[in-house]
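**Student:** Starting from these lines, generate the structure:
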Amino acid sequence: MTDTPPVLDASAFDPPPNSQGFYTDSLRLLGESGVPYLLSGTYALSCHTGIIRPTKDMDVFCKAGDAPRLLAWFKQHGYAIEVEDDRWIGKVWQGEHFFDVIYNLSSASIPVTEDWFRDTYEVEIYGSVVPVTPPTEFILSKLFIQDRYRYDGADVAHVILKKHDEIDWKRLLAAMELQWEVLLIHLLNFRFIYPTERDCVPRWLFDELIDRARLQADLPPANVKVCRGRLLSPRDYLVDICDWGFADVVGKGLEEQHERKA
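**Tutor:** So this is what the prediction gives:
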């Protein structure tokens, strides 16, 4: 990252009406809190790729142990606090405006750790210079978002294209050790989208994942029927758990998912 942070034009992201004051004050308070955090979502994507698209809120990442401290800090300053799901997300509200405080992936499978803060990337927006999610961890935060209504594979592909030299591929593989097939899916997706840019992904990584798939094909099926689809989309694979006899790997309530399905 350069010594001079890029400056993002906040208005280009088409934030909700009358929200700029909320975002400006929130980023100032985040900086004053002393709690390590990362601005992610659309703003990090723009920092890494130059892509600008509308957004309705801010995504702020922090470690799970720091989330109560961060939420309490904003509560002390008169903001409304919501813990939407204790496993991964809280919210800070002021009237109709909010930002998310995220400390785990939505699948509750990969928490934000100290490694997320190892590399420093910054951007200036809403009058503050703020840290943003590094390319490696930004990709990690997007790999499992494969819902009927939202798929972030394009974000992954674009960051690989633009920041491949700055991605810590070994760290990414280590974080995805248990779900390595998801990483392979995205790398194959990248190869299909950019056939002339395949060298952006290290050959050793691709060979390693393909070798795992080859060796796995020779193993017998597991004794327990498991559907891991709800790591990608809790609602779309609910039928597998409720009606088709598969074991679940996501602890989201079935009643809630039935309501969303309806």
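**Student:** Please enumerate the helices of the stretch 51-200 of the chain.
**Tutor:** Along the stretch 51-200 of the chain, counting by DSSP state H, counting those that start in this stretch, helices occupy 67-76, 135-142, 153-163, 169-175, 180-193.
**Student:** In TSV: these, plus mean pLDDT.
**Tutor:** Putting those into TSV (pLDDT from 0 to 100) gives the following:
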stretch	mean pLDDT
helix 67-76	97
helix 135-142	97
helix 153-163	98
helix 169-175	97
helix 180-193	98
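**Student:** So for residue 91, which of the ones you listed sits nearest?
**Tutor:** Across these, residue 91 has its closest neighbour in helix 67-76 (8.7 Å, CB to CB). Where you see a C-beta, it was placed from the backbone N, CA and C, and this is true even at glycine.
**Student:** residues in contact with the residue nearest to the spatial centre of the chain?
**Tutor:** Residue closest to the average C-alpha location in the chain (CA atoms, centre = their mean): residue 141, at 2.3 Å. By CB atoms under 8 Å, 6 or more residues apart in numbering, the residues touching residue 141 are 40, 61, 105, 133.
**Student:** Let me know the closest of these to residue 178.
**Tutor:** Using CB to CB, the contacts of residue 141 come closest to residue 178 at residue 105, 12.4 Å.
**Student:** Could you report the neighbour count for the closest one?
**Tutor:** By other CB atoms under 10 Å, the residues close to residue 105 number 21.
**Student:** Phi and psi next, for the nearest residue to residue 182 once chain neighbours are set aside.
**Tutor:** Spatial nearest neighbour of residue 182, excluding adjacent residues (CB to CB, 6 or more residues apart in numbering): residue 143 at 5.4 Å. Note on residue 143: backbone dihedrals following degrees, to the nearest 10 are phi -60, psi -30.
**Student:** Please look at residue 143 and residue 186 and confirm they touch.
**Tutor:** Yes - contact criterion CB atoms under 8 Å: residue 143 and residue 186 qualify, at 6.0 Å.
**Student:** more crowded one of these two?
**Tutor:** Ranked by neighbour count (other CB under 10 Å), residue 143 and residue 186 place residue 143 first, with 24 against 20.
**Student:** So that one versus residue 137, what's the distance?
**Tutor:** 11 Å (CB to CB, to the nearest Å).
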